[in-house]
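**Q** A structural model of the following input is requested.
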Amino acid sequence: MTTKSKKVLISGAGVAGLALAHWLDRGGFMVTVVERAPAVRHGGYAVDFRGEALDVLDRMDLLERIRALDTEMGDAAMVDAEGRQYATLPAAVFAGDLEVPKTDLTRLLHAAARDSAEYLFGDSISAVEQDADGVNVAFESGLSRRFDLLVGADGLHSRVRSLTFGPEERFVRSLGICTAIFSLPNHLGLHHTG
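**A** Below you'll find the predicted structure:
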């Protein structure tokens, strides 16, 4: 079987799924991406790049376009409930050499493989049946298809992982830590800092 005749289904049109679609297409695979959302998602925390990741962006012909979107994030101040600063986190700790909003990154990655991959937006996987030669996939929409490979790039609470390995409760161990990231108006007048 030639590479081009191999069909790969990627579940999730986030950063990982879209980047993989780009590389698999370049490798000659027939790529389908299924995404529960009706379009490429917007929002999310910034994505940081450093070291070899910059080389990968360059090989994807995206580095200069992504550089133009750099947040140029500086240091972040840690403040207490009264607003008194008690520590500073240097940008090198959390911003990398290049930091871009996730929305911009997913938009660029989608554009890079938009014409060469099939996208099934507004749908998701409901059942998976694997055999020695591939995988039969049923979708929420009622569609059923066969692929040579299924890749779960569908996030923290992956449906593909649950369908394949069982309930996530068997594998997840809470560390008792929660994080919330959000945007809000710049009422503090911050400039390239947090």
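
**Q** In the helix-or-strand element of the chain with minimal mean pLDDT, which residues are buried?
**A** Least confident helix or strand of the chain, by mean pLDDT, DSSP states H and E, is helix 91-94 with a mean of 79. For helix 91-94, the neighbour count (16 or more other Cβ atoms under 10 Å) marks residue 91 as buried. Bear in mind the C-beta positions are built from the backbone N, C-alpha and C, glycine included.

**Q** what's the following helix or strand after it?
**A** Counting by DSSP states H and E, the element after helix 91-94 in chain order, helix or strand, is strand 98-101.

**Q** Quick one: mean pLDDT over that next one.
**A** Model confidence over strand 98-101 averages 90 on the pLDDT scale.

**Q** ok now that strand, how far from the chain's centre?
**A** Distance of strand 98-101 from the chain centroid (Cα atoms, centre = their mean, to the nearest Å) equals 14 Å.

**Q** And for stretch 167-175?
**A** Relative to its chain's centre, stretch 167-175 lies at 21 Å (Cα atoms, centre = their mean).

**Q** Show residues contacting that stretch.
**A** Applying Cβ atoms under 8 Å, 6 or more residues apart in numbering, the contact partners of stretch 167-175 are 157-158, 161-162, 165.

**Q** cutoff 6 Å now
**A** residue 162 (Cβ atoms under 6 Å, 6 or more residues apart in numbering).

**Q** Excluding residues flanking it in the chain, which one is nearest residue 95?
**A** Nearest residue to residue 95, sequence neighbours excluded (Cβ to Cβ, 6 or more residues apart in numbering): residue 73, at 4.1 Å.

**Q** Okay, and residue 66 sits in which element?
**A** Using DSSP H and E, residue 66 falls within helix 63-67.

**Q** Flag every buried residue along that helix.
**A** Neighbour-count burial for helix 63-67 flags 63, 66 (criterion: 16+ other Cβ under 10 Å).

**Q** Sweet, I'm off.
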